[in-house]
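*Asks:* Pasted the sequence and its predicted model underneath.
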Amino acid sequence: MAAGDLAVMMVEYKFVVIAHQENSETATDGTNANLNESARMRLNKMEKTGVSKAHFAIVVVFLIGIFLGFSLGLSRNKSSGGSADINAQLTQENSELKAQLENVKKYFPSMPEMLSVSGAVKSINGNTLIIETGENPNPFEQLPSTREIAVTQSTKIVRQDQKNPEEFQTENEEYQKKLQSGASGAIPPVPTIEMDIKLSDIKVNDFVTIVSDKNIKNSASFEAVKVIFHQTY
């Protein structure tokens, strides 16, 4: 039996059932005497072809299966196409972001080497200083934020103070005179002076600068050539 014939029979069966229900509602003697002739002929035809409620159910399930299969295939096609579009868009956005990031990096040049670091003293363990240097101002470089400093017998430890303003002004005037006269070897004055101190003079939370004779850019621990304690008031 072809699928088209089954569909037609399904419609005819539905028509007969509806007609039978309508006549049952209007019948007063509990019989099928009022069933109209057209419905009776259709029912006879269906009985001859062997169509029953079971056949009707099979047809319904068959049609529902076709519908669901078509819908599922269409949904998968749309989903596949949508994913491809989204992936293409994400790829383009990532490329644009990378280009912008490379442009921003130009404003944060990488320091090739570091010979000194500054920070607050967090702890003192014998001849070892632990200092907190804080976050690197360059967001594109990951440097140690905590440094372990070994102070040896050869490490120079000094306290840095500000010079008297009048003294510094006098030194600067002398420096300018040497430049005007064309003297060679003129050294510009610095606004600070240094005094030798001991490691025991440095306390927790003091601000220090640690100087090394090596590149300590990525070093979490190293030996200090010089420790400068910055006097705060």
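*Replies:* Thanks, I have it.

*Asks:* For the rest of this, base every contact and every neighbour count on C-alpha atoms.
*Replies:* OK.

*Asks:* before we move on, what SS does residue 185 have?
*Replies:* Here residue 185 is recorded as coil under DSSP: H, G, I helix; E, B strand; the rest coil.

*Asks:* I'd like the numbering to begin with 27 instead of 1 from here.
*Replies:* Fine by me, first position is 27 from now on; the one you just mentioned is residue 211.

*Asks:* how close does it sit to residue 198?
*Replies:* Residue 211 is 15 Å from residue 198, where distance means CA to CA, to the nearest Å.

*Asks:* Between these two, tell me which one has more neighbours.
*Replies:* residue 198 (17 against 8; other CA atoms under 10 Å).

*Asks:* what does the helix or strand harbouring the more buried one contact?
*Replies:* The secondary structure element spanning residue 198 is helix 191-207 (assigned by DSSP states H and E). The contact list for helix 191-207 (CA atoms under 8 Å, 6 or more residues apart in numbering) reads 210, 212-217.

*Asks:* in that helix, what counts as buried?
*Replies:* Buried residues in helix 191-207, counted by 16 or more other CA atoms under 10 Å: 198, 201.

*Asks:* Enumerate every residue touching residue 214.
*Replies:* Contact analysis of residue 214 by CA under 8 Å, 6+ apart lists 198, 201.

*Asks:* I'd assumed it was in a strand, is it?
*Replies:* No. Going by three-state DSSP, the assignment for residue 214 is coil, not a strand.

*Asks:* Could you break this protein into its assigned domains?
*Replies:* Listed domain ranges for the chain are 29-131, 142-256 (source: automatic domain parsing).

*Asks:* worst average pLDDT in those domains?
*Replies:* Lowest mean pLDDT of the domains of the chain: domain 29-131, a mean of 55.

*Asks:* What about the closest residue to residue 182 other than its chain neighbours, how many residues nearby?
*Replies:* Excluding the flanking residues, the one nearest residue 182 by CA to CA, 6 or more residues apart in numbering is residue 252, at 4.6 Å. By the other CA under 10 Å criterion, the neighbourhood of residue 252 contains 19 residues.

*Asks:* Distance of residue 252 relative to residue 137?
*Replies:* Distance, residue 252 to residue 137, using CA to CA: 21 Å.

*Asks:* Also residue 188?
*Replies:* For residue 188, the distance to residue 137 (CA to CA) stands at 28 Å.
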